[in-house]
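1. Here you go, sequence then predicted model.
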Amino acid sequence: MSTPLDHEWETTSRHRTSDGVVSYQRCRCGAWRIRLRPDRVDGPRTLAPAERG
């Protein structure tokens, strides 16, 4: 059984935006997430939670 902490994320694409760099990531279990690395110092954050696809 997989828990949210067990995901092994792989970045499938990355794009620069006016807010920073957006990364689309998937896990081998089928879950996807979208991450934003802001241009400021706050650090990365998840924009869309992991969901099975």
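-> Noted; the coordinates are in hand. Residues are numbered from 1 along each chain as shown.
2. Could you list the low-pLDDT ranges of the chain?
-> Where the chain drops to pLDDT under 70, the residues are 1-5, 41-53.
3. For it, which segments are assigned as strands?
-> 9-17, 20-27, 31-38, 45-52 (DSSP state E).
4. angle of the second one against strand 31-38?
-> Which is strand 20-27. Interaxial angle of strand 20-27 relative to strand 31-38 (axes from the mean of the first three to the mean of the last three Cα atoms, to 10 degrees): 160 degrees.
5. strand partners of strand 20-27, parallel vs antiparallel please.
-> Note on strand 20-27: by DSSP bridges, its sheet partners are strand 9-17 (antiparallel), strand 31-38 (antiparallel).
6. and those strands as TSV, adding mean neighbour count and distance to residue 23?
-> No exception for glycine: its C-beta is placed from N, CA and C like everyone else's. Converted to TSV, these look like this (neighbours: other Cβ atoms under 10 Å; distance: least, Cβ to Cβ, whole Å):
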stretch	mean neighbour count	distance to residue 23
strand 9-17	10	5
strand 31-38	16	5
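7. Redo the ones you listed as a markdown table? Include distance to residue 25.
-> Shown next, in a markdown table, are the strands paired with strand 20-27 (distance: least, Cβ to Cβ, whole Å):
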| stretch | distance to residue 25 |
| --- | --- |
| strand 9-17 | 4 |
| strand 31-38 | 5 |
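8. so residue 32 touches residue 24, yeah?
-> Yes: at 7.1 Å, residue 32 counts as touching residue 24 under the criterion of Cβ atoms under 8 Å.
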